[in-house]
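In: I'll drop the sequence and a predicted model, then ask my questions.
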Amino acid sequence: MRRAIYPGSFDPITNGHLDIIDRATMIFDELIIAITSSTSKKGMFSLDERLSMIESIVEDNKKIKVIIFEGLLIDFAKNYQSSIIIRGLRVLSDFEYEFKMALMNRSLDSNINTLFMMPHEKYTHISSSLVKEVTLLGGNVSQYVPQIVQNKLLQKVKNN
Ligand code: ADP
């Protein structure tokens, strides 16, 4: 059983994340989407809101599990008996941070390997933060996120 972990803030999940998820599930038997709160970014959605959005989007794919976690990723990986971390690389500017993170995780646990995947070109400029910003400013993000995410984004803006 080949299992991989795709960790991230997913605040909220975008079509770019989903593109990586599709590619990863073609390679692995099981993919755990591990939602974590970022220490540096203030979230728009609670972890539970992110979980329920993702669960409803991926419910038809039996290879996927969605789990919230706090703490060190290598501990989470050990708990779930996986040594593969999936990360998406969009543009060169992602590289430096991802490179340091991958090496840090591997130096904390030498069994851990990070696998980088590139999304389709049409998603390389999409990020959760940009999608939030565009929505807050009144722009339409329907081509970048699933319908359910767009509805939740609009609800948040309305309630603010
Ligand atoms: P984090 O705060 O851990 O970076 P994100 O939710 O922003 O969490 O991203 C999780 C992972 O998904 C990261 O590896 C990031 O590079 C990747 N990712 C984010 N947006 C995209 C996208 N549009 N296409 C491909 N990968 C992406």
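Out: The structure has been received and is ready for your questions.

In: Next to the ligand, which bits of this structure? Give me the list.
Out: For the chain, the residues in contact with the ligand (Cβ under 6 Å from any ligand atom) are 8-10, 14, 16-17, 20, 38, 87-88, 90, 94, 119, 123, 126-128. Where C-beta positions appear, they are placed from N, C-alpha and C, glycine not excepted.

In: Kindly recompute the last result at 8 Å.
Out: 6-11, 13-17, 19-20, 36, 38, 40-41, 86-90, 94, 97-98, 116-119, 123-129 (Cβ under 8 Å from any ligand atom).

In: Out of the residues you listed, which sit inside helices?
Out: Judged by DSSP state H, these include 15-17, 19-20, 94, 97-98, 128-129 as members of helices.

In: Would you mind listing which of the residues of the chain next to the ligand are buried?
Out: 6-11, 13-17, 19-20, 36, 86-90, 98, 117, 119, 123-124, 126-128 (16 or more other Cβ atoms under 10 Å).

In: got the residue ranges for the strands in this structure?
Out: 3-8, 30-35, 64-68, 84-88, 113-117 (DSSP state E).

In: Indicate which one of those is closest to Ala77.
Out: strand 3-8 (5.6 Å; Cβ to Cβ).

In: and that closest one, how far from the chain's centre?
Out: 8 Å (Cα atoms, centre = their mean, to the nearest Å).

In: before we move on, what about stretch 52-68?
Out: Distance, centroid of stretch 52-68 to centroid of chain: 12 Å (Cα atoms, centre = their mean).

In: mind listing what Gln150 touches?
Out: Applying Cβ atoms under 8 Å, 6 or more residues apart in numbering, we find Gln150 in contact with 135, 141-142.

In: go on, Tyr144?
Out: 14-16, 123, 126, 131.

In: Distance to Ser107 and pLDDT added to those residues, as a markdown table?
Out: Compiled in a markdown table, those are given as follows (distance: Cβ to Cβ, whole Å; pLDDT from 0 to 100):
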| residue | distance to Ser107 | pLDDT |
| --- | --- | --- |
| Thr14 | 30 | 98 |
| Asn15 | 33 | 98 |
| Gly16 | 28 | 97 |
| Tyr123 | 30 | 94 |
| Ile126 | 31 | 95 |
| Val131 | 33 | 97 |
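
In: wait, which of these is closest to the ligand?
Out: Ranked by distance to the ligand (Cβ to the nearest ligand atom), the contacts of Tyr144 are led by Gly16 at 1.9 Å.

In: residues contacting the closest residue to that closest one other than its chain neighbours?
Out: Among residues not flanking Gly16 along the chain, Tyr123 sits closest, at 3.7 Å (Cβ to Cβ, 6 or more residues apart in numbering). Contacts for Tyr123 were tallied using Cβ under 8 Å, 6+ apart; they are 14-16, 19, 90, 144.
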